[in-house]
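K.L.:
Take this sequence and fold it.
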Amino acid sequence: METEHSPIILWFRRDLRLSDHPALSAAVQSRRPIVPVFILDDQVHALGAASKWRLGLGLVAFAQSLEQIGSKLILRQGNALDVIGDLIKETGAGAVFWSRAYDPKAITRDKHIKSTLTAKGVEVRSFPGHLLFEPWTIATKAGQPFRVFTPMWRSVHGRDVSLPELTAAKLATPEIWPASDRLSEWHLDRYMRRGATIIRPYVRPGEAAALDQLDAFLDRIDQYPVQRDRLDATGTSDLSEYLSLGEIGPRTVWHRVRNADLTGSRGGEAFLRQLVWREFAYHLMYHWPHLLTDNWKPEWDAFPWHTDPKRPEIRAWHQAKTGIPLVDAGLRQMYVTGRMHNRARMVVASYLTKHLMTHWKIGADWFADCLIDWDPAANAMGWQWVAGSGPDAAPYFRIFNPQTQQERFDPNSDYLRRWIAEGRSNPSATARAYFDTVPRSWGLSHEDTYPAPVVGLKEGRARALGAYETRKDPVRN
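P.N.:
From the prediction side, this is the model:
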């Protein structure tokens with residue numbers, strides 16, 4: 001196949017940006033026509049309601065960015081190999097480029113596509129772009145994958161991170177553009193229902209918004225080490241949804257934070273540690289793919305977690321009506337904004353897996369459906385870390401106490417007032433919004449009486465510790 005001047009199909013996935021993009025940069029440097037494509041395949045169909053809706057907003061913003069530099073985004077749906085094969089026939093493309101994905105289903109799909117197309121004489125190249133370090137390039141001194149975060153942090157802390165590529169200013173275009181689906185025909189908002197209207201004001205999609213958010217965070221990064229856990233303050237970066245969809249590249253974030261440190265700002269080291277925590281999640285998922293579906297530590301397979309999502313206490317957790325104010329506030333923040341403060345996520349997850357003795361997978365699946373910043377690796381690792389079945393070097397059974405967590409990180413109850421309406425004569429608009437976004441079938445009203453705890457804190461802690469002490473360990477038995 002003649003490839004020297006033939007178009008390149010550039011398959012975008014979770015990399016919806018024009019800068020810090022190795023695959024795009026390589027395509028531009030080839031001087032060949034570029035056909036940007038996004039494919040709605042089974043893996044995109046499988047996304048949860050909120051993340052799929054947020055993806056749709058990201059695609060709109062990214063298509064506009066491409067149009068501003070004289071290109072366009074082609075939308076197709078179907079089996080990815082079949083779609084790419086059709087586009088090759090329609091455009092005469094001789095190459096397909098993409099940024100790597102690291103979850104097991106994507107790896108299987110991409111390997112099959114690469115081998116099939118290569119056998120037909122099509123050039124196929126995959127590039128880094130979603131991570132700072134490719135998972136197979138990080139290892140212990142014994143050459144094994146890391147199982148504990150702190151040694152990994154020490155290993156990569158002093159490594160050089162390559163500079164991000166500059167923003168693409170223009171893409172060579174094909175002589176004839178292939179047909180494209182209309183995004184509206186995909187109905188990516190189908191399962192959001194009335195929740196989309198409530199969440200939309202909290203979302204600013206696209207690469208430009210991501211860079212603005214990074215700028216805003218750098219202005220207050222000095223306070224990050226002491227404010228990042230405060231529920232009543234704006235202390236986190238709020239970059240998670242942008243990193244999830246690749247609307248900002250991790251190398252861009254890394255170097256901007258490093259530069260802030262060099263110019264006298266403080267707090268960068270603490271934030272970069274969290275950025276590498278994200279890398280750790282992908283490291284684990286790549287080397288132990290079962291992280292997404294099963295207990296990372298097999299000895300936890302015998303733990304007596306509840307697995308029936310229809311249990312009344314689990315339904316109360318789903319509805320943010322557990323009677324534990326901080327747990328309910330965290331869940332309600334997620335329903336209204338599509339995100340949840342990281343400190344609240346840990347408390348919410350701990351209450352479900354410890355006090356309610358519920359399998360972490362039920363919570364992880366619920367988050368996958370409700371979070372606009374859902375990330376497969378971070379979600380699974382976070383839930384398993386809290387549940388105790390995942391990577392954690394701590395030699396004790398961690399159980400977060402929602403009451404003491406609230407006293408420490410929301411001492412004036414500002415976060416609770418923001419998200420809990422019941423029992424207040426004049427509840428905040430954000431607290432009332434929860435009742436406007438959840439399904440009407442739940443029959444909830446802000447005038448309801450706030451519920452008593454479905455499981456008390458002392459009772460739940462004692463039960464969880466008892467189960468932990470008496471669990472059967474298949475490794476020893």
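K.L.:
Next, the buried residues of stretch 250-259.
P.N.:
Pro250, Arg251, Thr252, Val253, Trp254, His255, Arg256, Val257 (16 or more other CB atoms under 10 Å). Just so you know, the C-beta spots here come from the backbone N, C-alpha and C atoms, and that holds for glycine as well.
K.L.:
Quickly list the domain ranges of this protein.
P.N.:
1-129, 131-162+194-287, 298-470 (automatic domain parsing).
K.L.:
Would you mind telling me which of those domains is nearest Ser180?
P.N.:
Ranking the domains of the chain by proximity to Ser180 (CB to CB) places domain 1-129 first, at 4.5 Å.
K.L.:
tell me how far that closest one is from the chain's mean position?
P.N.:
20 Å (CA atoms, centre = their mean, to the nearest Å).
K.L.:
mean confidence for that domain?
P.N.:
Taken as a whole, domain 1-129 carries a mean pLDDT of 96.
K.L.:
residue contacts, Asp414?
P.N.:
Applying CB atoms under 8 Å, 6 or more residues apart in numbering to Asp414 gives the contacts Leu231, Asp232.
K.L.:
pLDDT wise, what is it at?
P.N.:
Predicted confidence (pLDDT) for Asp414: 98.
K.L.:
just checking, Ala281 is part of a strand?
P.N.:
No - with DSSP: H, G, I helix; E, B strand; the rest coil as the criterion, Ala281 is assigned helix and is not in a strand.
K.L.:
Name the residues of stretch 293-313 that are buried.
P.N.:
Buried-residue list, stretch 293-313, by 16+ other CB under 10 Å: Asp294, Asn295, Trp296, Lys297, Trp300, Phe303, Trp305, Pro309, Arg311, Glu313.
K.L.:
just stretch 40-59 next, same as before
P.N.:
In stretch 40-59, residues buried by neighbour count (16+ other CB under 10 Å) are 40-41, 44, 47-59.
K.L.:
Please narrow those residues to those residing in strands.
P.N.:
Leu40 (DSSP state E).
K.L.:
just to revisit the earlier point, kindly reformat the domains of the chain as JSON lines containing distance to Lys170.
P.N.:
Compiled in JSON lines, these are given as follows (distance: least, CB to CB, whole Å):
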{"stretch": "domain 1-129", "distance to Lys170": "5"}
{"stretch": "domain 131-162+194-287", "distance to Lys170": "16"}
{"stretch": "domain 298-470", "distance to Lys170": "31"}
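K.L.:
I'd like to know which of these lies nearest to Leu171.
P.N.:
domain 1-129 (4.3 Å).
K.L.:
Phi and psi next, for Leu66.
P.N.:
phi -70, psi -40 (degrees, to the nearest 10).
K.L.:
Run a quick neighbour tally on it.
P.N.:
For Leu66, the number of neighbouring residues by other CB atoms under 10 Å comes to 19.
K.L.:
Give the burial count for the nearest residue to it once chain neighbours are set aside, as a bare number.
P.N.:
Closest residue in space to Leu66, ignoring its immediate chain neighbours: Leu73 at 5.2 Å, by CB to CB, 6 or more residues apart in numbering. Other residues lying near Leu73 total 21 when counted by other CB under 10 Å.
K.L.:
And Ser162, by the same measure?
P.N.:
12.
K.L.:
wait, what's in contact with it?
P.N.:
Arg251.
K.L.:
Now do the same contact list for the residue nearest to Leu66.
P.N.:
Contacts of Leu73 (CB under 8 Å, 6+ apart): Phe12, Pro36, Val37, Phe38, Leu59, Phe62, Ala63, Leu66, Ser180.
K.L.:
Next up, the contacts around Pro128.
P.N.:
Pro22, Ser99, Arg100, Glu134.
K.L.:
Tell me how far it lies from Ala302.
P.N.:
39 Å (CB to CB, to the nearest Å).
K.L.:
One more: Met334?
P.N.:
In terms of CB to CB, Met334 sits 31 Å off from Ala302.
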